[in-house]
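Student: Sequence first, predicted coordinates after that:
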Amino acid sequence: MKPVIVVHGGAGRIFKEREEGCRAGVARAALRGYAVLKQGGSAVDAVEEAVRSMEDDPHFNAGCGSVLNEKGEVEMDAIIMDGKNLDSGAVSAVKCIANPIKLARLVMEKTKHMLLTDHGAHLFAQAMGIPEIPGEKLITERSRERWKKNLEPDSNPEEFQKDLGTVGAVAIDSEGNVACATSTGGLSNKMIGRVGDTACIGSGGYADNHSGATSTTGHGESIMKVVLARLILYHMEQGMSPEVAADTALDYMKTRVGGLGGVIVVNKAGEWAARFSTKQMSWATVKDDNLHYGIYAGEKHIKSVDEALASEREGF
Ligand SMILES: COC(=O)C[C@H](N)C(=O)O
C-alpha cells in the first residue's frame, strides 16, 4: 500500500493576513507526516506528528495560538484513533500543555479509558512526565486581541467564530492501517468547561481499517448533532467515494441543523478528499511523493515533495 496523508488547518473564513501562514503550515505538517510514513512509521505516528506540527504553529487554533474562553484562558480538546483495533484516546478542557495530541495518544496507549478531562487529564499528564507550561505561552497577541474585542458591548457574536483554525490529520500507512487525529482550542469566548466535537469519538474524528479515516472541523455543536465523522464512514461503507461521502454528510449537516464545516478523508484504498461547506479550509495532502494544497474551493497547488522541501527551507 502506498502511504497517504491528508491534513486540515480548520474550516471557516481565513482572513487575508493569515492565508500564507496557513498554506505553509498545512504543507509543512503534511510533509512531516509523510516523512514518518516513508520511514516505515505507522499511520498513528504520522497523524500525531502532523497535528503536533500545527499545534506548535501559532497560525492555528490548537496548542500555541488557541482561542480563549470567556475568562480569557486556553482550554483545548484533542482526539486520536487507530483504525486497526478502534482504540482511541482523547482529552478535553486541558490547559498549560503544549501538545494535547500527545496526551490523547497516551490516554489511548497507557490507560483503560478513552477520554480524560480537565483536572484528571492534568494529573495524568503529570504522572506521564509531560511538563506543564505557563498558560501564557499558548496565548498569542492575536488571540488576546480577539478575546478583548469579543467582550466589547457592540461586538457581533457572528464574527467571533469566523477565523478559527482547528487542526487535523488522517493517514494510511504501507500496511494499510488508517488513523485520524484532531486538536483544537474550540470556539472563541466559549463558556468555561464547554467541550466540543473534537474530543468526541465519531464527531471530531473516526478511523476504521474496514472503511477509512476522517477528521472534521467547523461548528462543533452541529458536528456533534450529526456525528459527522462516523456518518462519512457510514456513507463509504455503503459504497460512496471519499469525496461523495464527505459532500453528502456536509450537505446533511447544513440542511438538517444549519451547520457548516469541513472534513478530510482517506479510504482503505488510499483515495482521499478535502471538502468543506464553509468559504475556506486550509488543507494539504501528500500521495505518490506529490504535495497538493489549497485554502479556497477549487484552489490546488501541486509540487513534488523534493521541490516542496526545498521551498520550505527558504521559508515556503
Ligand atoms: C474551525 O473551528 C473548529 O473546528 C471548532 C471546533 N470544531 C469546535 O467547535 O470546537
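Tutor: Alright, I've got the coordinates.
Student: hey, let's count contacts and neighbours off CA atoms from now on
Tutor: OK.
Student: Spit out the contact partners of residue 258.
Tutor: Residue 258 makes contacts with residue 222, as judged by C-alpha atoms under 8 Å, 6 or more residues apart in numbering.
Student: Model confidence for it, exactly?
Tutor: Per-residue confidence at residue 258 stands at 97 (pLDDT).
Student: now it: how far from residue 205?
Tutor: Counting by C-alpha to C-alpha, to the nearest Å, the separation of residue 258 from residue 205 is 20 Å.
Student: ok, and what's touching the helix ranked longest in the chain?
Tutor: The helix spanning the most residues in the chain, taking DSSP state H as the definition, is helix 16-38. Outside helix 16-38, the residues that touch it by C-alpha under 8 Å, 6+ apart are 3-9, 42-43, 45-51, 53-54, 57, 59-60, 173-174, 282-286, 291, 293-295, 305, 309, 312, 316.
Student: what's the helix or strand just after it in contact with?
Tutor: Of the helices and strands lying after helix 16-38 in sequence (DSSP states H and E), the nearest is helix 43-55. With contacts defined as C-alpha under 8 Å, 6+ apart, helix 43-55 is touched by 5, 7, 9, 25-26, 28-30, 32-34, 36-37, 60-65, 80-82, 98-99, 101-102, 167-173, 177-183.
Student: can the helix or strand of the chain with the lowest mean pLDDT be found next to the ligand?
Tutor: Taking mean pLDDT, DSSP states H and E as the measure, the helices and strands of the chain show their lowest mean at helix 157-160, namely a mean of 74. No: with C-alpha under 6 Å from any ligand atom as the measure, helix 157-160 is seen stopping short of the ligand, the closest distance being 10.8 Å.
Student: Determine the set of other helices and strands touching that helix.
Tutor: helix 141-151 (3 or more C-alpha pairs under 8 Å, 6 or more residues apart in numbering; DSSP states H and E).
Student: Close to the ligand: what parts of the chain are there?
Tutor: Applying C-alpha under 6 Å from any ligand atom, one finds that the chain approaches the ligand through 10-12, 164-166, 186-187, 196-198, 217-220.
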